[in-house]
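Chemist: Below are the sequence and a predicted model; questions follow.
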Amino acid sequence: MNVSFIPSGDLKCKYNVLGHFYTLQLLAAKPQKCRSVVEIMATTTENNPVADAVFVMMNPGSSRPVEKTNQLISSNQVAEMTVELVPTVPDRTQYQVMRVMHYKHWRYVRVINLSDLRDPQCGSFAQRYVQLEQESGTWVHSLFSAERSVQLKRNLSRKPGAPIILAWGVSEGLNPLIERATNALAEEQGVMGLAKPGQDNKYFHPLPPLQRQKEQWVAQMLELLNA
């Protein structure tokens, strides 16, 4: 397959991005800005589509709502919170997903994360979630927490045979989150990702630092999906 790197400007015209943003209030911690899900849809998508794939990544990066949202959710409300999708400014990671969508002719992809905590820096995020869990005594910031199992099941809904693509990165600081997620996904079919050789449950993130690596990730992901 001939894979050219599609500019983000071209992708903006082809796909819409919607996300659910909220603020999580935990005991003994300051309010945390969060995002529970992002949905990427072709602009020509019909009503009530079913996902062609579900991506599982590390945590929300720099994407943000087009307009400010103010849904404040306490820790005991997270499992029952209303998901209100709003127009979202995509980040570079989501453009990588769009490139895969283009070549696979997918019209609808859902993106969830190991944690809902919004933080564009991997290093600071790893420290932040550990500290937050220690202070609050809970990990409801993660869709993979036991309290949110119904939400998780709903977000994993997809077409028959559609894949769940693991792309949460290879940081050792994510190990507790990764273990929880792999346990929760153990019974799911079609789970795959670009695995790091010699490492258990480490899957390359869509946005490596170098341009040639970004191009390589898209090409290798398409090879994996077409195998």
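Modeler: Received, thanks. Being a predicted model, the structure only gives us computed values, none of them experimental. Residues are numbered from 1 along each chain as shown.
Chemist: Would you indicate which residues of the worst-scoring helix or strand of the chain on mean pLDDT are buried?
Modeler: Ranked by mean pLDDT, DSSP states H and E, the helix or strand of the chain with the weakest confidence is helix 122-136, at a mean of 87. Neighbour-count burial for helix 122-136, counted by 16 or more other Cβ atoms under 10 Å, picks out 122, 125-126, 128-129, 132-133, 136. All C-beta spots, glycine's among them, are computed from the backbone N, C-alpha and C.
Chemist: which of those sit farthest apart?
Modeler: Farthest apart among the buried residues of helix 122-136 by Cβ to Cβ are Cys122 and Ser136. That separation is 21.4 Å.
Chemist: C-terminal to the least confident helix or strand of the chain, what's the next element?
Modeler: Sequence order places helix 149-155 as the next helix or strand after helix 122-136, per DSSP states H and E.
Chemist: helices or strands up against the next helix or strand after that following helix?
Modeler: From helix 149-155 onward toward the C-terminus, using DSSP H and E, the following helix or strand is strand 164-166. On a contact count with 3 or more Cβ pairs under 8 Å, 6 or more residues apart in numbering; DSSP states H and E, strand 164-166 meets strand 53-57, strand 191-193.
Chemist: Show me what strand 164-166 pairs with in its sheet, parallel or antiparallel.
Modeler: Applying DSSP bridges to the sheet, strand 164-166 is found paired with strand 53-57 (parallel), strand 191-193 (parallel).
Chemist: Out of those, which is the most enclosed?
Modeler: Taking mean count of other Cβ atoms under 10 Å as the contact definition, the stretch among the strands paired with strand 164-166 with the greatest mean neighbour count is strand 53-57, which reaches a mean of 24.
Chemist: what about the helix or strand just after that strand, distance to the chain center?
Modeler: Downstream of strand 53-57, the next assigned helix or strand under DSSP H and E is strand 64-65. Its chain's C-alpha centre and that of strand 64-65 lie 14 Å apart, by Cα atoms, centre = their mean, to the nearest Å.
Chemist: any idea of the mean pLDDT in strand 64-65?
Modeler: Confidence over strand 64-65, taken as the mean pLDDT, stands at 92.
Chemist: what about the least confident helix or strand of the chain, distance to the chain center?
Modeler: The chain centroid and the centroid of helix 122-136 are separated by 18 Å, computed with Cα atoms, centre = their mean.
Chemist: outside of that helix, which residues touch it?
Modeler: Outside of helix 122-136, the residues within contact range by Cβ atoms under 8 Å, 6 or more residues apart in numbering are 26-29, 32, 58-59, 75, 115, 117, 119, 139, 141, 169, 171, 173-174, 176-177.
Chemist: still on that earlier bit, now the helices and strands packed on strand 164-166 in TSV, with distance to Val109?
Modeler: Formatted as TSV, the entries for the helices and strands packed on strand 164-166 read as follows, by distance: least, Cβ to Cβ, whole Å:
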stretch	distance to Val109
strand 53-57	5
strand 191-193	14
